[in-house]
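> Quick one: sequence plus predicted model below, questions after.
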Amino acid sequence: MRTRYHINDPERAHFITGTIVNWLPVFATSACADILVSSLVHCREQRGLKIYAWVVLDTHFHAILGGPELERTITAIKRHTSLVLLEQVKLEGREWLMNQLVPKLQFGNEGVSSIDSLETRKRVLPKNRP
């Protein structure tokens, strides 16, 4: 799976945006949104992911994340989440959506920026302290 996430300063938190290709409403059901949240929690417990904030909307999500090997962790989240989401969408009987997602669900229009690059960084999130 391709990624455009490039973490230049692993010591800082990063604002992440991930959208579903063609802005399809995959996260419209709570079961599908829970899959993404579960992936975040799993990576927090197993990979040391730091989750500062997140929001899941129908077609995309935003998160403020940090931690070791953040680029690899984001890729793992996307890989796992996409596979499980395909299964869930099929279980929900959303055939119209399955037809647009197959052969695989893809995250499109990604973005990442260091919190230091945001003008409101001091109000949003203080620097991590060891």
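That came through, no problem.
> any idea which element the nearest residue to H60 once chain neighbours are set aside lies in?
Among residues not flanking H60 along the chain, T19 sits closest, at 3.8 Å (C-beta to C-beta, 6 or more residues apart in numbering). Placement of C-beta: from N, CA and C, glycine included. Here T19 is covered by strand 14-20, with elements defined by DSSP states H and E.
> returning to that earlier point: separation between the residue nearest to H60 and K50?
According to C-beta to C-beta, to the nearest Å, T19 and K50 sit 22 Å apart.
> Give me the more crowded residue out of the two.
T19 (19 against 14; other C-beta atoms under 10 Å).
> looking at it, that one is touching D58, isn't it?
No. Contact criterion C-beta atoms under 8 Å: T19 and D58 do not qualify, at 10.4 Å.
> buried ones in the strand or helix carrying T75?
Assigned by DSSP H and E, T75 belongs to helix 70-91. By neighbour count on 16 or more other C-beta atoms under 10 Å, the buried set for helix 70-91 is 70, 73-74, 76-78, 80-82, 84-86, 88-89.
> Counting by contacts, list what the next helix or strand after it packs against.
Next helix or strand after helix 70-91 toward the C-terminus (DSSP H and E): helix 95-101. Judged by 3 or more C-beta pairs under 8 Å, 6 or more residues apart in numbering; DSSP states H and E, the packing partners of helix 95-101 are helix 70-91.
> roughly how far apart are L40 and Q100?
25 Å.
> and if you look at L65?
28 Å.
> between those two, which one's more packed in?
L65 (23 against 15).
> Correct me if wrong: that one contacts I74.
Yes. Between L65 and I74 there is a contact at 7.5 Å, judged by C-beta under 8 Å.
> Which residues are in contact with each of the two?
Listed as contacting both L65 and I74 by C-beta atoms under 8 Å, 6 or more residues apart in numbering are I16.
> ok, what's across the strand from A53?
Residues in a beta bridge with A53, per DSSP bridges, are I64.
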